[in-house]
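1. sequence plus predicted model, see below.
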Amino acid sequence: MRSRVSLFLAGVLALTTACREDATSPSPSGDTITLSSAQLSLLRDRAEALADANPGIGSFTSLVDSTLLALQAGIQLQQLPVTTDLTTAPLYFVGLHRVIHQSNGGSFSTWTLVGFESPSTFAHIVQTSGFAQSATSTAPTSQSGTIGDGSGMVNGLLLQVSGDRVDAFDFTSGTASFSSSAPSGSCPIGTPAPHTECSLETMTIRFSVSGRQSPSGPTRRSASVATEVTVPAMRLTYTPQ
C-alpha cells in the first residue's frame, strides 16, 4: 500500500495497516456491521484505487486519506434512517472524532460522519463534517452549524461511484450537528501513532444537506437524518509535544 498523507493529518495520524484475509467479505445485514479485517482491506484497496482514478476530486481524496484509511478492523457501523435521493440501499455509518488539547489554548475538535452500503463494494457515500475550536486547553465536545454560511464550521459531500468513476456533490446548503460522549474504551487495535490515543465513543448527530454536482454540474442530491441519532465512533486524541 503506497503512502498518501493528507495535509490535515500530517504529523497527527499514522495510518494503520489491516491484516488481509482470503475470505470473501460478507454483505451487510441487520442494523450493525462489525468491520472485519477482510472488509477493511477491501475498503482501503477500493478507496485508494478510486482516488487514483479520480485525481481531480480533491474532496474524495481527502475523505480517503483522513477517514477511510483511518478506520480499524473491529469497529462497528450503524445503519441510520437516512432520507436521500442518492440511493435506495441501506447505509451504514461510523464516526471519527479528532481531538487536540493544547495547554496554551487553541484546542480543537473535528468530527466526520461517513456512511455507505457496504465496506467492501461501496457505491454511494454520505459524509458530513464539523470543526470547533476553543481558547482553552480543553477541546469542544459538540458543534452545530449551517452549511454555506461562510464560517466553514460544518460541511460535507455526497458521492456516487460507477465503475472507476466518482461523481461528487459538494454540500451547498443545509445544517449539521455533532456531539460526542466521553470515551468508552480502547480502539480494537490500540493506538495508531505516537502521541495519539485511540478510544471509542458514541457520537450524536443530525443533518439535512443538499449538494450540487462538482464542478458546477446541473444535478443536485440531498440527504437527511431528521432527528438526533447515535452512531459508534473512533476518537483520536492527539497530544502535541
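-> Looks like it arrived, so ask away.
2. how long is stretch 85-99 from one end to the other?
-> Taking CA to CA, to the nearest Å, the first and last residues of stretch 85-99 lie 33 Å apart.
3. for this protein, longest helix please?
-> In the chain, taking DSSP state H as the definition, the longest helix is helix 37-53.
4. what about the helices in the protein?
-> Secondary structure of the chain, counting by DSSP H: helices at 37-53, 58-66.
5. export those helices to CSV and tack on mean pLDDT, distance to residue 237 and mean neighbour count?
-> Any C-beta I mention is one placed from the backbone N, CA and C, and that applies to glycine too. What follows is the helices of the chain, written out as CSV (pLDDT from 0 to 100; distance: least, CB to CB, whole Å; neighbours: other CB atoms under 10 Å):
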stretch, mean pLDDT, distance to residue 237, mean neighbour count
helix 37-53, 93, 22, 19
helix 58-66, 92, 16, 20
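6. so what's the residue with the largest distance to the centre of the chain up against?
-> Most distant from the centre of the chain: residue 104, at 28.5 Å, with distances by CA atoms, centre = their mean. By CB atoms under 8 Å, 6 or more residues apart in numbering, residue 104 lies in contact with residue 137.
7. tell me the confidence at it?
-> On pLDDT, residue 104 comes in at 83.
8. any idea how far it lies from residue 176?
-> From residue 104 across to residue 176, the span is 29 Å (CB to CB, to the nearest Å).
9. quick check: beta-bridge partners of the residue nearest to residue 186 when sequence neighbours are not counted?
-> Ranked by CB to CB, 6 or more residues apart in numbering and with sequence neighbours excluded, the top spatial neighbour of residue 186 is residue 199, at 5.9 Å. Residue 199 has the following beta-bridge partners by DSSP bridges: residue 186, residue 235.
10. I'd say residue 199 and residue 183 touch.
-> Yes. At 3.8 Å, residue 199 and residue 183 qualify as touching, with contact defined as CB atoms under 8 Å.
11. got any residues that touch both of these two?
-> Common contact partners of residue 199 and residue 183 (CB under 8 Å, 6+ apart): residue 235.
12. which residues in the chain form strands?
-> With DSSP state E, the ranges of strands along the chain come out as 32-34, 76-79, 83-84, 92-100, 108-116, 124-133, 142-147, 154-162, 165-180, 196-213, 220-238.
13. give me the pLDDT for the nearest residue to residue 133 once chain neighbours are set aside.
-> Closest residue to residue 133 apart from its sequence neighbours, by CB to CB, 6+ apart: residue 108 at 4.1 Å. Residue 108 is assigned 95 on the pLDDT scale.
14. for residue 122, same thing?
-> At residue 122, the model reports a pLDDT of 83.
15. what about the closest residue in space to it that isn't next to it in sequence, how many neighbours?
-> Spatial nearest neighbour of residue 122, chain neighbours left out: residue 116 (3.7 Å); criterion: CB to CB, 6+ apart. If you count neighbours by other CB atoms under 10 Å, residue 116 ends up with 25.
16. sounds good, over and out.
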